[in-house]
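# Fold the following, please.
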Amino acid sequence: MEQEKQLTEAESLKLISRTIYEAKGYFHETGIAVIVYGFSILICSVLTYLLETGIITFPFNPFYLFIPVFFIQTAIQVREEKKKKAKTFTDEAIDFVWTGFFLAVLVSFTAIFAGINYMAISIILILTGFATFLTGMLSKFRYHTICAFVCWILASISFFMQNANIYLLLAATAIIVWIIPGFILNAVFKKQQHG
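A predicted model of the protein is given here:
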């Protein structure tokens, strides 16, 4: 015999709050975590390009710089999550999309160990387009939907550019997918706080 689970008063209020904030378009996203991530990818990509073209020397792969940044960005994200009045269904779905993206990127790094470094970047560009497309569709943020198609075009180009120049495509992706939306989110957040 199956019994229906009764919602407690607290669970009911939480569900109502989520629904209201979802309907009102509420969000608490400063964009800082996205900006930090975007600039990290941009800097690592440019440094790797300069290293591989022989313009500079570097004691290690510049993408290792991303390891401490990952923890900084995660700390910022966790702090912002705690400040949210409610976590909407859209928030959760987008979180799942980007968690899947990061896990898939980690798996794609196995291509580097297989000796196909540039192919890994092509795969990452495809994955970025996919995660950006889903984010745009879920959040109804047209900019992200357009960015997804730009990422896929850059990914297509990257298959014909299996050399150091591919890092410039990754740098461009960082600007359009993370840096610009990060500043847009930050401006909207500031406006929402003052309005």
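# thought residue 94 was touching residue 137?
No: with contact defined as CB atoms under 8 Å, residue 94 does not reach residue 137; the gap is 10.1 Å. (Each C-beta comes from the backbone N, C-alpha and C, glycine too.)
# And those two? Which one has more around it.
A direct count of neighbours by other CB atoms under 10 Å for residue 94 and residue 137 places residue 94 higher, at 20 against 15.
# mind checking the end-to-end distance for stretch 133-145?
5 Å (CA to CA, to the nearest Å).
# Going by neighbour count, which residues in it are buried?
Across stretch 133-145, burial judged by 16 or more other CB atoms under 10 Å covers 133, 134, 135, 136, 138, 139, 141, 144, 145.
# which residues does the fifth one contact?
Contacts for residue 138 (CB atoms under 8 Å, 6 or more residues apart in numbering) come out as 90, 93, 94, 97.
# at 7 Å instead, please
Contact analysis of residue 138 by CB atoms under 7 Å, 6 or more residues apart in numbering lists 90, 93, 94.
# roughly how far apart are the second one and residue 127?
Between residue 93 and residue 127 the distance is 17 Å, computed by CB to CB, to the nearest Å.
# Neighbour count: those two, which is higher?
Remark: of residue 93 and residue 127, residue 127 carries more neighbours, 20 against 14, as counted by other CB under 10 Å.
# So for that one, what pLDDT did the model give?
If you check residue 127, the pLDDT there is 96.
# try residue 123
On pLDDT, residue 123 comes in at 94.
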